[in-house]
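A.B. asks: Can you look at this prediction? I've put the sequence above it.
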Amino acid sequence: QCSVVTNTTMDATAPTAGPNWSCSESAELYNIDGWGKPFFTINDRGEVEVTLNAKSSPDEFEAAGSPSPTVTKHCRVPLIEIVQRAQDLELDTPLLLRFPDVLQDRIDRINMSFRNAIAAHEYPNRYQGVFPVKTNACARTVQHLVTYGRPFHYGLEAGSKPELLLTIAMLRKYGSREALLVCNGYKDLEFVELALSARCLGVNAIIVLESPSELPLVIEAATRLGVAPVLGVRAQLATKSIGQWSGTSGEHAKFGLSPARVMEIVDTLRDLGKLSWLQLVHYHIGSQIFQISVIKQALREAALIYTELAMLGCNMRYFDVGGGLAIDYDGTHSGTASSKNYTMQTYADSIVSAVMEACTRRKLPCPILTSESGRAIASHFSVLVFSVLSVRSPVVSGAEAPVQPDEADHDIVTQLLDILQNSELQSGDIIKAQELFHHAEQLKRDLETMFVFSSCSLPQRARAERIYTAILHKIAAALQGVGPVDDADLQGLLDGSKLGSMYFCNWSLFRSAPDSWAIKQLFPIMPIHRLNEKPTVNASLADITCDSDGKVCHFINGKSTVELHALQGLPYYLGLFLEGAYQEIMGNGHNLFGRVNTIYVTCNMSEDGRPSAEPELYHISEVVTGDEKEKSILDQGYSVQDFLETIAKAASEAERRGSIDKKTCQSIVHGYRAAMTSYTYLTLPSE
């Protein structure tokens, strides 16, 4: 169902930044300008805003012959306002916000980057990218991608038969007739027949061979269907990639044909007189390649393979660099795994220049360039918003520690109290701080050992913990303003992780950000409001799954905690950004937590398809409700109807026994039935 909501002008009297903290300080703290520009900023009210660009429809630009839609207006929308509007529609958090305008902007940017590079190098051909649907296979997302990409002949990549089925239909319905459908992955006869059938339907499908055993299938299907295929080979490069996906490249990689295997295919096609079928070289050395030097090295090798195949008589027309275009998760613009040391324009320039140089040297025509960027296109357009339920401090605040000795104190408790009350610690004295910390730490461990052997009571152990905590606060206060130190424990006091809290949040890490758990992927996480207030709590995050791994304790600031605000009894919302790639499709139903509520937010457009003349208006263009408990249970093969009958029978039996009255019986049955049809996540009273 489609619901339309327009924003209104915010109250001009809303509070602004306090005297001791500014919104610019929050922007610096969370480095939002580093990873969020130009889409996410902080307004004067301390709220994260998303910038939505309103562009004319793709059909208008296609008709005008311009591949470069230009921004005619934009609106900035506070995320907290969107959350409040969603609540008006009875949509609770966790809430996934999708911004199609941002998706369109990313498509525009990569195409403009290649257009600029082609013009600068006078490259005599064009760029046609494809989006790998494995990155985000959501129907509305793929529709937006193909529709927005039509002026650029932007296509899709499929790596399985289900993906192939949907990409054929989506390109046929929404795409340009020149758009490419790159068919990767291992194939059987049915896969090949589907790809060849797509060509009969006007879809420009290219079958990329992953193994020599796939070629006989192509020959068989092509002969039977009477369709001439367009083939590619996925080259296994010697160039070794870096980072999490370094195993994607090299001789032990899962995919790719070695030079010997490539020549087997060439020889077979030559013997059949079908060298003209082979038109594309493809390679992929891994995702999130964060150093441009690796990209350039792979380009040199792959470009040589392309030119060699052309010299062997193959009808080479396409050069596919695969994926790997990184995004800057931490905003540091560095050559580290969660960042990148190059821009999208540098990436495009490197590809264009490398291929042109290789082809010019051999006096060969330059190919159509394509890339399979998924992460770089889809990451920015989704934001997960979730609420904080409660906070747990691992230790008691130092202000609450007892200061008076007690005759019943254990000897170790007395020693800890002496450290707290009588130890002199000057500001910035790192050596003395180390001495006090390790002394207190050893005493605490000794007491814990004594407790295990029943030599210390639980109240005494609790008293010792409070005193120990007060000592840590004392040391942390003395070291305030001191730079990084070599001692890991003292550094933990400096960065707040040693005295950090845990915020319990209404979401499932395994459903909404599985890469954070599986590969320790960093995502920007920050409050979406109250950013005109100074955050005073260093906290890690825990989800509501019954799993000890359901927590986030690595953040883009390089610490195990993130700075958050103290809870004040009002809803407190956090946003997880740059999660539009892979997280939704790879999320799982751990603890039977289902898909989350999702809304699409776009700039308002007038009835004629042009941007509205009214300033700063947006609308919720589509609502997709999250899974109900019933669906999560049905997905595991259970019969909900059987469950309902079982509960009704049990309640009736309890009523007959006199354990409950009729009203309670009805309430139990009604409550159980109603719970089946509600959200799988928790509901806050205010929501």
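C.D. replies: Received it, and whenever you're ready, just let me know what you need.
A.B. asks: Going by C-alpha atoms from here, please, whenever you check contacts or count neighbours.
C.D. replies: Noted.
A.B. asks: the strands in the stretch 251-400 of the chain, which residues?
C.D. replies: Along the stretch 251-400 of the chain, the segments classed as strands by DSSP state E, counting those that start in this stretch run 278-282, 318-320, 368-370, 382-392.
A.B. asks: Pairing partners for the longest one, with directions?
C.D. replies: In this case it means strand 382-392. Sheet neighbours of strand 382-392, with direction, are listed as strand 95-98 (antiparallel), strand 501-505 (antiparallel), strand 573-576 (antiparallel) (DSSP bridges).
A.B. asks: Please identify which of those strands is closest to residue 618.
C.D. replies: In terms of CA to CA, the element of these nearest to residue 618 is strand 95-98, at 12.9 Å.
A.B. asks: Can you verify my assumption that residue 668 contacts residue 651?
C.D. replies: Yes: counting by CA atoms under 8 Å, residue 668 does reach residue 651; the two are 7.2 Å apart.
A.B. asks: what pLDDT does the residue of the chain positioned farthest from its centre get?
C.D. replies: Distance to the chain centre peaks in the chain at residue 407, reaching 56.4 Å (criterion: CA atoms, centre = their mean). According to the prediction, residue 407 has pLDDT 86.
A.B. asks: Would you mind giving the secondary structure of it?
C.D. replies: Residue 407 falls in the coil class when you classify it by DSSP: H, G, I helix; E, B strand; the rest coil.
A.B. asks: Looking at residue 668 and residue 651, which is more packed in?
C.D. replies: The residue with more neighbours, out of residue 668 and residue 651, is residue 651; 22 against 16, by other CA atoms under 10 Å.
A.B. asks: Which residue, other than its chain neighbours, is closest to the more buried one?
C.D. replies: residue 665 (5.4 Å; CA to CA, 6 or more residues apart in numbering).
A.B. asks: Within the helices and strands, which one has the one you found?
C.D. replies: When secondary structure is defined using DSSP states H and E, the element that contains residue 665 is helix 662-676.
A.B. asks: cool, residue 465 as well?
C.D. replies: With the criterion set as DSSP H and E, the secondary-structure element containing residue 465 is helix 458-478.
A.B. asks: and the angle from the next helix or strand after that helix to helix 458-478?
C.D. replies: For helix 458-478, the succeeding helix or strand toward the C-terminus, using DSSP H and E, is helix 488-495. Computed with axes from the mean of the first three to the mean of the last three CA atoms, to 10 degrees, the direction of helix 488-495 lies at 70 degrees from that of helix 458-478.
A.B. asks: Residues touching helix 488-495, excluding its own?
C.D. replies: Surrounding helix 488-495, the residues in contact under the criterion CA atoms under 8 Å, 6 or more residues apart in numbering are 433-434, 437, 472, 475-476, 479-480, 482, 484-485, 498-499, 559.
A.B. asks: can I assume residue 619 sits in a strand?
C.D. replies: Yes: the assignment for residue 619 (three-state DSSP) places it in a strand.
A.B. asks: What about it, how many residues nearby?
C.D. replies: A count of neighbours around residue 619, defined by other CA under 10 Å, yields 18.
A.B. asks: you'd agree it is up against residue 604?
C.D. replies: Yes: in this structure, residue 619 sits in contact with residue 604. The criterion is CA under 8 Å, and the distance is 5.8 Å.
A.B. asks: buried stuff in the host helix or strand of residue 600?
C.D. replies: Of the helices and strands defined by DSSP H and E, residue 600 is found in strand 597-603. Buried residues in strand 597-603, defined by neighbour count with 16 or more other CA atoms under 10 Å: 597-603.
A.B. asks: neighbouring strands for it, and are they parallel or not?
C.D. replies: Here strand 597-603 has these sheet partners by DSSP bridges: strand 95-98 (parallel), strand 618-624 (antiparallel).
A.B. asks: And for the nearest residue to residue 601 once chain neighbours are set aside, the neighbour number?
C.D. replies: Nearest residue to residue 601 in three dimensions, chain neighbours excluded: residue 620, at 4.6 Å (CA to CA, 6+ apart). Residue neighbour count, defined by other CA under 10 Å, stands at 23 for residue 620.
A.B. asks: Quick check, pLDDT for residue 620.
C.D. replies: Confidence score, pLDDT, at residue 620: 92.
A.B. asks: Spatially nearest residue to residue 675, not counting backbone neighbours?
C.D. replies: Spatial nearest neighbour of residue 675, chain neighbours left out: residue 629 (7.3 Å); criterion: CA to CA, 6+ apart.
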